[in-house]
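[1] sequence first, predicted model second:
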Amino acid sequence: MISLRQRIVWASLLGSAALASSGAFAQAPAAPGTSSSTPPAAVAQAEGSAPKAQHRRMDPAQRMERMQEHRAKRLAALKEKLKLNAGQEGAWTTFTAASQPPAGARPQRMDRAEFAKLTTPERLERMQARQAERSARFAKRAEATKAFYAALTPEQQKTFDAETVHAGMHGHRHGHGGHGGEHWAAPAKS
């Protein structure tokens, strides 16, 4: 799988190559008595934007805190839109608890050097164990979601469906039609 950083680098390289081959950067020879160097204003502008181009990675603890805040806001907005009654509060609590990420930080990945020392069958066993853990967490979330959904009225179910349509697409957003559902929508009739 190609990381976002690798995609950006490749896109930049391809874009530069396309511009260079199309002659977009070709310059006419300088007139006699003029300088062929780049104007000082352009150099200053390019130098001023260089620090912005450097991307600092966010501290994992900060990132986790930010994700939890974002999740809490989304859930609060969803709860408000659903207009739950007192009888549905228990199902809501079970649903939100089951959809909570595992306690503590994300499970640490094995060091690449350590992983490389394993035999192929050992690597496969490790990957299969991680996949089984993820599948078990997903099954727990799915059952809690189904139970909560069953406790909703038909109108609330429509709201829930509309508000959570993108949740299942979380890992497939990039390169498949963006955030919207237009990629999966039925073709328009003419």
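    On my side now, so go ahead.
[2] what's the burial count for F148?
    When neighbours are defined as other Cβ atoms under 10 Å, F148 has 23 of them. The C-beta positions use only the backbone N, C-alpha and C, and glycine is treated the same way.
[3] for the nearest residue to it once chain neighbours are set aside, pull up the helix or strand it's in.
    Distances taken as Cβ to Cβ, 6 or more residues apart in numbering put F95 closest to F148, at 3.7 Å, once the chain neighbours are dropped. Take DSSP states H and E as the rule and F95 turns out to sit in helix 89-98.
[4] just list what that helix packs against, helices and strands only.
    Applying 3 or more Cβ pairs under 8 Å, 6 or more residues apart in numbering; DSSP states H and E, one finds that helix 89-98 contacts helix 120-151.
[5] any weak-confidence spans in this protein?
    Across the chain, the ranges flagged by pLDDT under 70 are 1-2, 10, 13-56, 103-108, 168-190.
[6] what segments of it are helices?
    4-22, 40-53, 60-82, 89-98, 112-117, 120-151, 154-164 (DSSP state H).
[7] list the buried residues in the fourth one.
    Within helix 89-98, the residues scored as buried using 16 or more other Cβ atoms under 10 Å are A91, W92, T94, F95, T96, A98.
[8] how close does the residue nearest to the fifth one when sequence neighbours are not counted get to M67?
    Think T96. Nearest residue to T96, sequence neighbours excluded (Cβ to Cβ, 6+ apart): L75, at 6.0 Å. Noted for L75: a distance of 12 Å to M67, by Cβ to Cβ, to the nearest Å.
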